[in-house]
Structure formats: structure tokens, C-alpha cells
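In: sequence plus predicted model, see below.
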Amino acid sequence: MEAAKHQDDPAKRARLRWRSRRGLLENDLILTRFLDAHEENLSDEEVDALTRLLTLPDNDLMSLLLGQSPPETELDLPHVHALLARLRQA
């Protein structure tokens, strides 16, 4: 049996939006604005990238969102780079 896709599962979508609420207002604004505009069209690969980014501490996430540092180690993946570029445009 195949796992439900992110877009087909309202609970997964709500959980992702809840996890996007951050302690730093700047992160919260960027992520909320992005999700408001693109949540319904996110691919599973983009959801994976966002989920990986949401594991970071707020200051590390902000540094990536502002382009002050590149993604490293397990975040240095093409789909993470692509999502960061989209988030920076939000």
C-alpha cells in the first residue's frame, strides 16, 4: 500500500504549516508568506526539502533563507537549493 501524498492528506498539510511557525518573526513571515502562496502546489520533493529545513534551529534557518550561508551536509541537495531559491522570492 502506497503512503498518502502530502497534498492528499489534510493532517500532513496542517502539520507542515504548524511546524513552519517559528520563534523568529522573520522566519515565520517568510515561511507563512510562502505557504500562503504555494502550499496547494508543493510537490512531495519540495515538502521533503521544507521538512529538512524545519529541523534547523531558527538562527541557522534564517541564515539559509537570507542567503548568508549555503546548505551543508545533509541539506546540500538539489531540491533543498531549489526550495531555498523559491523561499527567498517569497
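Out: Nice, thanks for sending it over. From a predicted model like this one, the values you see are computed outputs, not experimental measurements.

In: ok, residue 52 touching residue 76?
Out: No. The criterion here is Cβ atoms under 8 Å, and residue 52 misses it with residue 76 at 10.5 Å. The way it works is simple: take the backbone N, C-alpha and C, and place the C-beta from them, glycine included.

In: comparing these two, which residue is more hemmed in?
Out: Neighbour totals were compared for residue 52 and residue 76, and residue 52 leads with 16 against 10 (other Cβ atoms under 10 Å).

In: what helix or strand is the more buried one located in?
Out: According to DSSP states H and E, residue 52 maps onto helix 44-53.

In: ditto for residue 59
Out: In the assignment (DSSP H and E), residue 59 maps to helix 58-65.

In: buried residues, that helix. List them.
Out: Residues of helix 58-65 classed as buried: 61-62, 64-65 (neighbour count, 16 or more other Cβ atoms under 10 Å).

In: could you check the angle the helix or strand of the chain with the lowest mean pLDDT makes with helix 44-53?
Out: In the chain, no helix or strand scores lower on mean pLDDT, DSSP states H and E than helix 10-19, which sits at a mean of 84. For helix 10-19 against helix 44-53, the angle between stretch directions is 40 degrees (axes from the mean of the first three to the mean of the last three Cα atoms, to 10 degrees).

In: who are the packing partners of the next helix or strand after helix 10-19?
Out: Proceeding N to C from helix 10-19, the next assigned helix or strand is helix 25-38, under DSSP H and E. In terms of contacts (3 or more Cβ pairs under 8 Å, 6 or more residues apart in numbering; DSSP states H and E), helix 25-38 is packed against helix 58-65, helix 78-89.
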